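> I'd like to go over a predicted model; first the sequence, then the structure.
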Amino acid sequence: MAEVILRGVAKRFGATEAVRALDLDIPDGAFVVLLGPTGAGKTTLLRLVAGLERPDAGSIAIAGQDVRGVTPAGRNVAMVFQQYSLYPHLTVRQNLEFPLKSPILRTPPDQIAARIGEVAAVLRISHKLDNKATELSGGEMQRVSIGRALVRAPAIYLMDEPLSSLDAKLRADLRIELKRIHDSLGATFLYVTHDQIEAMTMATHVGVLDEGRLVQFGTPRAIYEDPVSLYVATRLGLPRINALPAGLFGEAPAGAVTIGLRPEHIRQGEGREAAVTRLEHLGDQTRLHLHLDGHDIVTLAEVHTRLKAGDSLAIRPERPLYFDAEGRRVHDSRTDQGDRA
Amino acid sequence: MAEIVIRDLRKDFGGFNAVKASSFTIADGEFFMLLGPSGCGKTTTLRMIAGLEMPTSGEIWIDGEEVSRKPARQRDIAFVFQMFALYPHLNVRANIAYPLVSQGLGRAEVAARVAEAAAILGIEAMLERPVGGLSGGDRQRVALGRAIVRRPKAFMMDEPLGALDAEFRERMAGELRALHDRMGATTVYVTHDQLEAMQMGDRIVVMNHGVVEQFGTPQEIYDKPATLFVAEFIGSPPMNFLPFEGRVAAGGDRVRLGGADLAVPCQHEAAAGRLVFGVRPEHVTFDDAAPFRGRIEAVEYLGTTQIVTLSSAHGTIRARSAASLPARVGEAVGLRFAAPCVTLFDEATGRALRSALHGEGGAHG
Amino acid sequence: MSGASVTEASSGQKWIAGVLVIAYALITIMPLAWILLTGFKTPPDSIAYPPKVVFTPSLEGYVNLFTTRTRVTPETLAALPPPANFAEAIVRDRGMVIAGRSKFGERFVNSVVIGFGSTALSIVLGTLAAYAFSRFKVPLKDDLMFFILSTRMMPPIAVAIPIFLMYRQLGLSDTRLGMILLYTAVNISLAVWLLKGFIDEIPREYEEAALIDGYTRLQAFVKVVLPQAATGIASTAIFCLIFAWNEYAFAVLLTSGTAQTAPPFIPTIIGIGGLDWPATAAGATLFLMPVMVFTIVLRKHLLRGITFGAVRK
């Protein structure tokens, strides 16, 4: 296990700058989740650490060693791909053996068997070891892919949206499984996703990427409660944060152009009257779609609320976040002391 | 616009029974969801309503007319496919105009209706573009345009958002629902995504293995699942199930799970043997004095709430609580369950027992 | 039974389609059946008019294919000891004796060596080249791929004269090596194009996973890419073999003795009073066998491969 340090790493593909002068410190034993939409550069970053891409500039150090010019095989990293990393012509066991039998490791056969037994038990695939990889369900395939990484003890585990092709239930199970594996191994993880739930639930640190730049790095709670920009604020939270003109509810701090209101940070029963346009009953929560001065606002209501479309409801911001014209956070001296209300 | 009535609809493929005697009614102007896992018969049901598949037996009434033996083109409905099914050699305008041209409408009329559909969807600017270069969302808008332009009696949609990525899907779901609210056309929508169904649907039919498991509004189905399957399929995380050996009398309102005596809604029918105690994660609270014990296995932070996974003598339990509530992995805690929201199931049949929560026939207010 | 489906063919439509397929199969199989039957006719039967459909089967064609014969006087024939085997008996019935072995065996072996040799070489070189074109940044990749294909744009025979002269200079005329190289040169463009298509479809992630797992590029290629390209390699091999096996024009021009393949040899089998049709047919029948066996062995791959990945799972 080891820390990974990136300094000024940049990578461009033709005209696109996939990663721009990026600094990142992955502490030993951390579970770092890189979050961003398609094209933010998160997969490229992962591939740069893996050695599958060569940076145009900057340096990457794994466990204190500069890995410039070191092949993927020489970097002692394990990677789980989004899909297609199981060899369809091999059995599950042969797939799991594959990394251990590599010329670099050349593990003795008895150790291979023991290691595969352990990993298969952890991932609950012991009964499938002699199946062809193509005979597995999607969830089993992805568990085996993760298993192929786990049979090794690399400096860092790299994971590229490993759960994105699975259904919701399996995703929920494997999230907990991965988190448990991380806790028990004390291993370092670098995990890429566009799923905010994965980021929030598994990460010790979240890195938010925007067009190849690391815009914020911190604990999930810090990113959620104290975003540095409107962009970061929209990455976490479901339903998404409401972005409205800063003056919609009265006075705003100097320089603020946008007020960001998380749906759960809207107090009902006081303030400005908004029209209810629609209710969404999701079972555990009811979402309220409101209309105020030509702006759509989403907030949450009590599950069995009596409100209905056409009603009117007074609302007031509770813990607003303010942003300037560039989307940068503007700190409000009044609310930053704590919630006034 | 039309009401759609399905009576005893059945479909066999050779020896395989895909849909078993389904009956339900889709009200005029309703956004109606056919929800279920893959292979449950929802798409076959939709294709039978659309006339792309002939039922083995049963009736389909659209707008007061029995159409089950009529070909698709005589039913006056529009179908939106998951894979868009646009004509790649035509531009956006020609794609949207295609159904009208094939009906033999006049040029001026076609132009006017295409313009109207494009305006509804906000795609006026891309009318002259070839469909090849469009993004997934824009392609689906064009496919919708081709459906809207005919002014059909009803829309059939087969996982129309399935091919889009998550972020876009969320946006298109909102757009589709807003479009429906503007046009008010009866829409039958097939999906396997329970959140999509809950979010967009006025009413939902939940299907499994060709059988209609439950039929109702999203909140009804969530609060009062008729079967174990529905309780597990709806909700994320799903309902917690605690199987136990026990009995409950009609009029009883307590059950014994191991050492704990737990309150349940007043039961309207007696049952004994293998039962399942079902409770949603948000109805599980921590109370150190409670006799039912669990050990915290994982805590997942979700912003304002968190999901706490616990192990207990009766299996894994997930609880949803405020993120501010302290919960440490490894800690042993007592658990309380909100009695009025508990459902008891018969494990063998999978059916929910009738109770104060589950009225007779499940239509309780 | 099931209700009618709008998207499936009705039983009437299926019936008509079936009849059409059978009729087409009969038409295409006729010449093959004719050659097979002619091989078992006697020379008079083979040229009888109207053609004989019912006849007494004879191995005369096969005997004539493998032997050379000389005519002897009836007295000499009578003085000979009884025939040692059925072949001699057949030949003596025509007033001849077996003089020796024909060259068919050698020519057939030449065909096998040259056909399979050039196929193997085309596949080895083609797979490596296709992999490089598929995965690496090759300078002027598109132009090179076009150049490779351009060798197929004219009929190979158009370059026959220069090749003939070149081969004479290099001493490759009428050698097996020369023919293997020539057919490989023609086939490799097809092989590169087909194989590149197949390899393009194998996700790169497979090799990248192997690279990270500690394997070299070449090891990853052998352990991961080759097994998955098997279908494509098999179908490409069939195409290459069929070309090399049946090639006639170059074989006539560049081979006359030691390296001659079967196609130029078979039509030259002369019997009494002109061409020996049963012997020619027998030669053609035997000549068909290796390609048919090869194709049948690889049939499973061919059916999937020939759609160029369109129906891959």
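Done, it's in. This is a predicted model, so every value here is computed, not measured.
> only C-alpha atoms for contact and neighbour calcs from this point on.
OK.
> ok and the residue in the stretch 101-250 of chain C nearest chain A?
Taking Cα to the nearest Cα, chain A has its nearest neighbour within the stretch 101-250 of chain C at residue C:214, 4.0 Å off.
> would that residue count as being in a helix?
No. In this structure, residue C:214 is coil, not part of a helix, as judged by DSSP: H, G, I helix; E, B strand; the rest coil.
> now for it: which residues touch it?
By Cα atoms under 8 Å, 6 or more residues apart in numbering or on different chains, the residues touching residue C:214 are A:72-74, A:99, A:102-105.
> now do the domain split for the chain, please.
If you meant another chain, say so; for now it's chain A. Split into domains by automatic domain parsing, chain A comes to A:4-233, A:244-337.
> correction: the question concerned chain C.
Domain ranges of chain C: C:58-102, C:105-268, per automatic domain parsing.
> winner for burial among those domains?
domain C:105-268 (a mean of 19; mean count of other Cα atoms under 10 Å in any protein chain shown).
> would you mind listing which of the contacts of residue C:214 are buried?
Buried members of these, counted by 16 or more other Cα atoms under 10 Å in any protein chain shown: A:72-74, A:99, A:102.
> could I get the residues you listed as CSV with pLDDT?
Below are these laid out as CSV (pLDDT from 0 to 100):
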residue, pLDDT
A:72, 92
A:73, 90
A:74, 90
A:99, 92
A:102, 89
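> tell me where the stretch 101-250 of chain C has helices.
For the stretch 101-250 of chain C, the helices defined by DSSP state H, counting those that start in this stretch occupy C:104-135, C:141-150, C:160-170, C:176-200, C:204-212, C:217-220, C:226-246, C:249-254.
> wait, does the fifth one contact chain A?
What that stands for is helix C:204-212. Yes. Using Cα under 8 Å from any Cα of the partner chain, helix C:204-212 reaches chain A at C:205-206, C:208-212.
> for that helix, give the mean pLDDT please.
Taken as a whole, helix C:204-212 has a mean pLDDT of 88.
> any idea what the closest residue to residue B:342 other than its chain neighbours is bridged to?
Spatially, and ignoring its direct neighbours in sequence, residue B:342 is nearest to residue B:279 (5.1 Å; Cα to Cα, 6 or more residues apart in numbering or on different chains). Counting by DSSP bridges, residue B:279 is bridged to residue B:240.
> re earlier: what does the residue of the stretch 101-250 of chain C closest to chain A show for phi and psi?
The phi/psi pair for residue C:214 (degrees, to the nearest 10) reads phi 110, psi 20.
> what's the closest non-adjacent residue to it?
Nearest one to residue C:214, counting by Cα to Cα, 6+ apart, is residue A:73 at 4.0 Å.
> do I have it right that that neighbour meets residue C:209?
No. Assessed by Cα atoms under 8 Å, residue A:73 is found out of contact with residue C:209, at 9.7 Å.
> and for residue A:252, nearest residue in space, chain neighbours not counted?
Leaving aside its sequence neighbours, residue A:252 sits nearest to residue A:246 (Cα to Cα, 6+ apart; 6.0 Å).
> what residues are up against that neighbour?
Residue A:246 neighbours (Cα under 8 Å, 6+ apart): A:252, A:256-259, A:322.
> give me phi/psi at it?
Residue torsions, per degrees, to the nearest 10, at residue A:246 are phi -60, psi -30.
> quick check, pLDDT for it.
Looking at residue A:246, its pLDDT stands at 93.
> now do the one 5 residues further on
The score at residue A:251 is 85. That number is its pLDDT.
> hang on, the earlier thing: can I get the domains of chain C in a markdown table with distance to residue A:23?
As requested, those are exported to a markdown table (distance: least, Cα to Cα, whole Å):
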| stretch | distance to residue A:23 |
| --- | --- |
| domain C:58-102 | 80 |
| domain C:105-268 | 23 |
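> and residue C:278, which of those domains is closest to it?
Of all those, it is domain C:58-102 that lies closest to residue C:278, at 4.4 Å by Cα to Cα.
> quick one: average pLDDT of the closest one?
For domain C:58-102, the mean pLDDT works out to 87.
> now the end-to-end length of it.
19 Å (Cα to Cα, to the nearest Å).
> which residues of the stretch 1-150 of chain C fall in strands?
Under the criterion DSSP state E, counting those that start in this stretch, strands of the stretch 1-150 of chain C are mapped to C:67-71, C:96-101.
> and the contacts of the longest one?
Meaning strand C:96-101. Contact partners of strand C:96-101, identified using Cα under 8 Å, 6+ apart, comprise C:66-72, C:77, C:88, C:91.
> how big is the angle separating that strand from strand C:67-71?
For strand C:96-101 against strand C:67-71, the angle by axes from the mean of the first three to the mean of the last three Cα atoms, to 10 degrees is 140 degrees.
> assign the residue of the stretch 151-300 of chain A found nearest chain B to helix, strand or coil.
Closest contact between the stretch 151-300 of chain A and chain B, by Cα to the nearest Cα, is at residue A:201 (4.5 Å). Per three-state DSSP, the secondary structure class of residue A:201 is helix.
> and of the helices of the stretch 101-250 of chain C, who's closest to residue B:152?
helix C:176-200 (43.8 Å).
> so which of the domains of chain A is nearest residue B:4?
domain A:244-337 (23.8 Å).
> how far does that closest one sit from its chain's centre?
Computed by Cα atoms, centre = their mean, to the nearest Å, the chain-centroid distance of domain A:244-337 equals 26 Å.
> repeat for stretch A:183-192
Here the centre of mass of C-alpha atoms in stretch A:183-192, compared against the chain's by Cα atoms, centre = their mean, lies 14 Å away.
> start to end distance for it?
Stretch A:183-192 stretches 18 Å from its first residue to its last (Cα to Cα).
> stretch B:284-294 too?
Start-to-end, stretch B:284-294 (Cα to Cα) is 11 Å.
> residues touching it, excluding its own?
B:259-261, B:310-313, B:318-321, B:332-338.
> report the buried members of those residues.
Those of the contacts of stretch B:284-294 that meet the buried threshold are B:310-312, B:318-321, B:332-333, B:335-338, by 16+ other Cα under 10 Å.
> now, those residues that are in strands?
Counting by DSSP state E, the part of the buried ones among the contacts of stretch B:284-294 found in strands is B:310-312, B:318-321, B:332-333, B:335-337.
> identify the farthest-apart pair in these.
Greatest spacing in those, by Cα to Cα: B:312 and B:321 (17.7 Å).
> quick one on the thing from earlier: OK, contacts around the residue of the stretch 151-300 of chain A closest to chain B?
So residue A:201 contacts A:175, B:299-302 (Cα under 8 Å, 6+ apart).
> which parts of chain A sit against chain B?
Counting by Cα under 8 Å from any Cα, chain A sits next to chain B at A:168-169, A:172, A:176, A:180, A:197, A:200-202, A:221, A:224, A:236-237, A:264, A:280-284.
> let's see which of the residues you listed end up in strands.
Using DSSP E, these in strands are A:280-281.
> for residue A:72, which residues are in contact?
A:50-52, C:211-214 are the contacts of residue A:72 under Cα under 8 Å, 6+ apart.
> distance between the helix or strand of chain A with the lowest mean pLDDT and the chain's centre?
Taking mean pLDDT, DSSP states H and E as the measure, chain A has helix A:168-185 as its least confident helix or strand, at a mean of 85. Remark: helix A:168-185 is offset 14 Å from the chain centroid, using Cα atoms, centre = their mean.
> residue numbers of chain B in contact with chain C?
So chain B meets chain C at B:11-15, B:51-56, B:71 (Cα under 8 Å from any Cα).
> what about 10 Å?
Applying Cα under 10 Å from any Cα of the partner chain, we find that chain B lies next to chain C at B:10-17, B:48, B:51-57, B:69, B:71-72.
> can you flag which of the residues you listed belong to strands?
Using DSSP E, the residues of chain B next to chain C in strands are B:10-13, B:16-17, B:57.
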